[in-house]
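# Let's see this in three dimensions:
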Amino acid sequence: MRQIVYKKLKERTDQFVARGLVRTKESKEKIGGEDEVFIGDIRDPATIGQAVQGIDALVILTSAVPQMKPGFDPSKGGRPEFYFDEGAYPEQVDWIGQKNQIDAAKAAGVKQIVLVGSMGGTNINHPLNSIGNANILVWKRKAEQYLADSGIPYTIIRAGGLQDKEGGIRELLVGKDDELLETETRTIARADVAEVCVQALQLEEAKFKALDLASKPEGTGTPTEDFKALFAQVTTRF
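Next comes the predicted model:
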C-alpha cells in the first residue's frame, strides 16, 4: 500500500510534492530510494521529526505485521499460530507509533491526516484481535480516536480485506460501524484504497470523516470515478 500511495503522489506532480518515511534502507530502495524518502522509526519520535517538517498533509499507512510460527503443516489441518516480533506489537506500532506520527505532524502544522485502518474494530471478539493475543484492532481504534480528537482535519479509512488486484475497475462502497462485514462485499483492492487516500487529500467532503471501505465484485456495478460523491455519502465522524 505504501508503495502504491507514494507512486500515485509522485505521478501527480501538478498537485503534490511527495515525501516518504520508511523504517529501513531496504524499504527505501524498494519504494524508489529518492532523497525525499526518509528513514525513521515511528516508535521513536526523535527519528520522524525531520520527515514531517514543512508538510501540509500526512497519510499514515503503518501497521504491525504478524509472523507465522514455524512448523505449521497445512496438510494436517488446524490453524497456523502467529506472533509479533519483540517491540513490534500492535500496541507499539499501531498505537504508540501512530500517536507519534500524529503528534509530530501536529507540531509541524500539518493541515490534514489520512489514516488507513481495518474494518472490524467494533467487535472486541473479532478474530484479528486474537492473532498473537495482541488486540490489533483495539490498538488501531485507539489511534483512530486519538486522531479524531486531535483537532486536525482527518479522514479515517477502515479498509476491508486487502487484495492485490488492479484498481479503478470496481464500484467502491462506503459504510459505517462494520455493517459491510455483514454483506458479501467485504474486500477491496489495495490500489483502490490508495486512490481513496489520494482523493481524500483533495476533497473537502473527505474531512472530519471516518468510513468503512470495500468494493463490489469486478464486473458488477459501475467503477467509481466520482470520489466527491463517494465521500459525500459519509456522515460519520468516527
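
# OK, contacts around C197?
Neighbouring residues of C197 by Cβ atoms under 8 Å, 6 or more residues apart in numbering: 5, 59, 61, 114, 116, 157. Bear in mind the C-beta positions are built from the backbone N, C-alpha and C, glycine included.

# What about the residues you listed, which are in strands?
The strands, defined by DSSP state E, take in 59, 114, 116, 157 from those.

# now those residues in CSV, with pLDDT?
Below are the ones in strands among the contacts of C197 laid out as CSV (pLDDT from 0 to 100):
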residue, pLDDT
V59, 98
V114, 98
V116, 98
I157, 98
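
# Let me see the ranges of the helices in the chain.
2-11, 25-31, 49-52, 90, 98-107, 127-130, 136-148, 190-200, 227-232 (DSSP state H).

# of all the ones you listed, which lies closest to R79?
With respect to R79, and counting by Cβ to Cβ, the nearest of these is helix 127-130 at 9.7 Å.

# tell me which residues in the helix or strand of the chain with the lowest mean pLDDT are buried?
Per-element confidence for the chain was summarised using mean pLDDT, DSSP states H and E. The lowest value among helices and strands belongs to helix 25-31, with a mean of 88. Neighbour-count burial for helix 25-31, with 16 or more other Cβ atoms under 10 Å as criterion, is recorded at 27-28, 31.

# could you measure the closest residue to G161 other than its chain neighbours against K176, distance?
Excluding its sequence neighbours, the residue lying closest to G161 (Cβ to Cβ, 6 or more residues apart in numbering) is T187, at 4.2 Å. Using Cβ to Cβ, to the nearest Å, one obtains 18 Å as the distance from T187 to K176.

# Now do the contacts for the residue nearest to G161.
Under the criterion of Cβ under 8 Å, 6+ apart, the contact partners of T187 comprise 160-163, 214-215.

# hmm, 7 Å instead?
160-161, 163, 214 (Cβ atoms under 7 Å, 6 or more residues apart in numbering).

# Give me the buried subset of these.
In terms of neighbour count (16+ other Cβ under 10 Å), the buried residues within these are 160, 214.

# what two of the contacts of T187 are the furthest from one another?
Taking Cβ to Cβ, the two most distant members of the contacts of T187 are Q163 and A214; they sit 10.5 Å apart.

# and the closest residue in space to D177 that isn't next to it in sequence, how far is that from L180?
Counting by Cβ to Cβ, 6+ apart, T122 is the residue found nearest to D177 once chain neighbours are left out, at 5.5 Å. Between T122 and L180 the computed distance is 11 Å (Cβ to Cβ).
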